[in-house]
Each structure stands twice: as C-alpha cells, then as structure tokens.
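I would like the atomic coordinates for the input below:
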Amino acid sequence: MFKKFSSEEVSAQNQVKASVQRKIRQSIAEEYPGLEPVLDDLLPKKSPLIVAKCQNHLNLVLVNNVPLFFNIRDGPYMPTLRLLHQYPNIMKKLQVDRGAIRFVLAGANIMCPGLTSPGGALDDEVGAETPVAIMAEGKQHALAIGFTKMSAKDIRAVNKGIGVDNMHYLNDGLWKMERLD
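Numbers count the residues shown, from 1 in each chain. Presented below is the predicted three-dimensional model:
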C-alpha cells in the first residue's frame with residue numbers, strides 16, 4: 001500500500017468543515033474506544049483538520065501536517081504506526097512468528113501459517129475485515145498495520161493463503177514521511 005509512497009502522490013489537501021471533522025472524530029472514537037481520553041489532544045477541535053487525498057482512493061487525516069490516520073475509500077480509519085507506537089493498546093493484535101518478520105517488513109501480506117505457527121498468536125475475537133496491529137514474536141512494538149481478510153477462527157481453521165492484508169509497515173513511505181509539507 002505505502003511501499004513507494006511519497007508526498008508527490010498527494011493530489012489534493014483540503015481543510016475539512018466542522019461537520020466533516022465531527023464525523024471523522026466520531027468514527028475514530030467508535031473504532032478505537034481506547035483513544036477516547038486523548039482524542040481531544042490528537043484531534044483538537046480548534047486546530048484545522050486536513051484530509052489529503054492520494055492515489056488509489058486513499059485519504060490521510062493530517063493535524064499540523066502530521067499524518068495520524070488513513071483510510072481507503074469509505075473503509076475504517078486506521079492509525080499510522082507512529083501513532084500506534086505512542087498508544088499501543090488501541091487496536092486488536094495478531095502476532096507473527098520470527099520467520100515472517102522480514103517478509104512483512106518488505107511489504108508482504110500476512111499468510112495464515114505465520115499466525116498459527118508456535119511463535120504466532122491469534123485473538124479469537126478478531127472478525128473479518130477488521131484493522132489489526134501486527135506484532136512480532138519477541139518484539140515490543142507493532143511492525144505493521146493490517147486489514148483481516150477472514151476472522152481469526154477462520155485463519156486457524158483454513159491455515160493457508162493470505163490472512164491479513166498488509167496496509168502499512170515499518171520503513172515504508174508513510175513511515176518515512178513524518179510530516180507532509
């Protein structure tokens with residue numbers, strides 16, 4: 001998704017109206033209840049909220065030129081990894097084994113066997129088409145943010161094919177772009 005992402009891919013930046021800003025805040029609050037106490041600090045009501053439209057129907061939510069959330073078409077908002085590292089408990093987590101780490105960091109999707117092997121871990125409450133944090137065996141911080149293709153129970157039962165789409169990972173274009181100027 002963000003493998004070769006750069007500021008040139010941003011086609012338009014619009015400061016959104018207060019009503020749109022409220023809608024974005026509300027959908028983020030519903031998706032990530034753990035962010036509720038700090039939502040006013042992250043998305044202050046008085047400071048302008050900018051939505052940057054990029055190629056492939058991608059939207060970035062910027063505050064003070066710092067990307068905080070992104071979404072595709074009208075899908076759920078997902079935090080950037082920098083934000084997830086600040087607030088690590090806001091998303092459901094899936095863990096990949098050590099063998100999968102280098103492939104995930106190269107942008108590969110997460111395959112079912114990487115989650116079901118002894119080093120992997122699945123949260124059975126995770127449903128299909130849910131944003132999740134991808135953790136690595138033996139590591140503290142998330143290495144990617146993904147979007148599940150099937151529920152955790154199905155991943156365990158099927159155990160083949162792609163389980164999670166890799167949306168954003170460490171050292172990709174969005175990670176390297178700390179500010180959008």
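
what ranges do the strands span in this protein?
In the chain, strands defined by DSSP state E lie at 10-15, 49-54, 58-63, 66-72, 78-79, 92-96, 110-111, 131-136, 144-148, 162-169, listed in chain order.

list the beta-bridge partners for the closest residue to Met78 other than its chain neighbours.
Using C-beta to C-beta, 6 or more residues apart in numbering and skipping residues adjacent in sequence, the residue nearest Met78 is Pro131, 4.6 Å away. Glycine gets a C-beta too; all of them are placed from N, C-alpha and C. For Pro131, the beta-bridge assignment (DSSP bridges) gives partners Phe147.

okay, Pro131: pLDDT?
Confidence per residue is given as pLDDT, and for Pro131 that number is 94.

hmm, Glu137 is touching Val104, no?
No. Because the distance of 11.4 Å does not satisfy C-beta atoms under 8 Å, Glu137 is recorded as not touching Val104.

which one's more surrounded, these two?
Using other C-beta atoms under 10 Å as the criterion, Glu137 and Val104 rank with Val104 on top: 22 against 17.

which residues does the closest residue to the more buried one other than its chain neighbours contact?
Take Val104 and drop its neighbours on the chain: the residue closest to it by C-beta to C-beta, 6+ apart is Ala144, 5.2 Å away. For Ala144, the set of contacting residues under the criterion of C-beta atoms under 8 Å, 6 or more residues apart in numbering consists of Leu81, Val104, Leu105, Ile110, Ala133, Ile134, Asn166, Met167, His168, Tyr169, Leu170.

residue contacts, Asn171?
Shown in contact with Asn171 (C-beta under 8 Å, 6+ apart): Leu105.

how far away is it from Phe2?
Distance from Asn171 to Phe2, counting by C-beta to C-beta, to the nearest Å: 10 Å.

what's the answer for Gly163, then?
Applying C-beta to C-beta to Gly163 and Phe2 gives a distance of 20 Å.

those two: which is more packed in?
Gly163 (29 against 24).
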